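Trainee: got a predicted structure plus its sequence, pasted below:
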Amino acid sequence: RTAASLPRPSPKAPMTVLVVGSTGNIGGAIVKQLREHEGVTVVEASRAGGGVKLDIGSVDSVKALDAALPGGVDHVVVCCGASTFGPLASFDEGKWEANVSGKLLGVSRLVVMLANG
């Protein structure tokens, strides 16, 4: 489903959505759609700036979210992370570890730290 197909929240039930990777193509499109919904506050986060500066690969950067989001968030949308592309034959252990670290471990760290404060 896309953000446009989600039920429009009631002004009586405002929500805050953190969009990680908001300066990318996908993140930017998500931010644009979410901003069209009444009652939705969008907090943009990315390594490049655009709101909250965040690098999910950095523990210190993720920990700094507590100060940047004192009221917390209701939803988190993650659309970031670098990838290594190329022929399968060139995909070695180092490239595999970089992909896993940049996505799975970074996002897992973000979710755990947001949940636990």
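Mentor: Nice, I can see it.
Trainee: which residues touch residue 54?
Mentor: By Cβ atoms under 8 Å, 6 or more residues apart in numbering, the contact list for residue 54 reads 20, 45-47, 61-62, 64-65. For the C-beta atoms, the positions are set from N, CA and C on the backbone; glycine is no exception.
Trainee: buried ones among those?
Mentor: Among these, those scoring as buried are 20, 45-47, 61-62, 65 (criterion: 16 or more other Cβ atoms under 10 Å).
Trainee: let me know the closest of these to residue 90.
Mentor: residue 47 (25.9 Å; Cβ to Cβ).
Trainee: the closest one and residue 84: what is the separation?
Mentor: 17 Å (Cβ to Cβ, to the nearest Å).
Trainee: what is the nearest of the contacts of residue 54 to residue 105?
Mentor: residue 62 (11.3 Å).
Trainee: mind listing what the closest one touches?
Mentor: By Cβ under 8 Å, 6+ apart, the neighbours of residue 62 are 54, 56, 109-110, 113.
Trainee: low-confidence ranges, this protein, go.
Mentor: 1-12, 117 (pLDDT under 70).
Trainee: which residue is nearest the middle of it?
Mentor: Residue closest to the mean C-alpha point of the chain, counted by Cα atoms, centre = their mean, is residue 20 at 2.1 Å.
Trainee: bridged to that one, which residues?
Mentor: Applying DSSP bridges to residue 20 yields these beta-bridge partners: residue 45, residue 78.
Trainee: measure it to residue 53 for me?
Mentor: The gap separating residue 20 from residue 53 is 11 Å, by Cβ to Cβ.
Trainee: could I get the contacts of residue 54 as CSV with distance to residue 71?
Mentor: CSV is the format used below for these (distance: Cβ to Cβ, whole Å):
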residue, distance to residue 71
20, 17
45, 15
46, 20
47, 23
61, 19
62, 18
64, 16
65, 12
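Trainee: just give me the closest of the residues you listed to residue 95.
Mentor: Distances from residue 95 to those, taken by Cβ to Cβ, are shortest for residue 47, at 20.3 Å.
Trainee: the closest residue to the closest one other than its chain neighbours: how many residues sit nearby?
Mentor: In this structure, residue 47 finds its nearest non-sequential neighbour in residue 55, 4.8 Å apart by Cβ to Cβ, 6 or more residues apart in numbering. Neighbour count of residue 55, defined by other Cβ atoms under 10 Å: 17.
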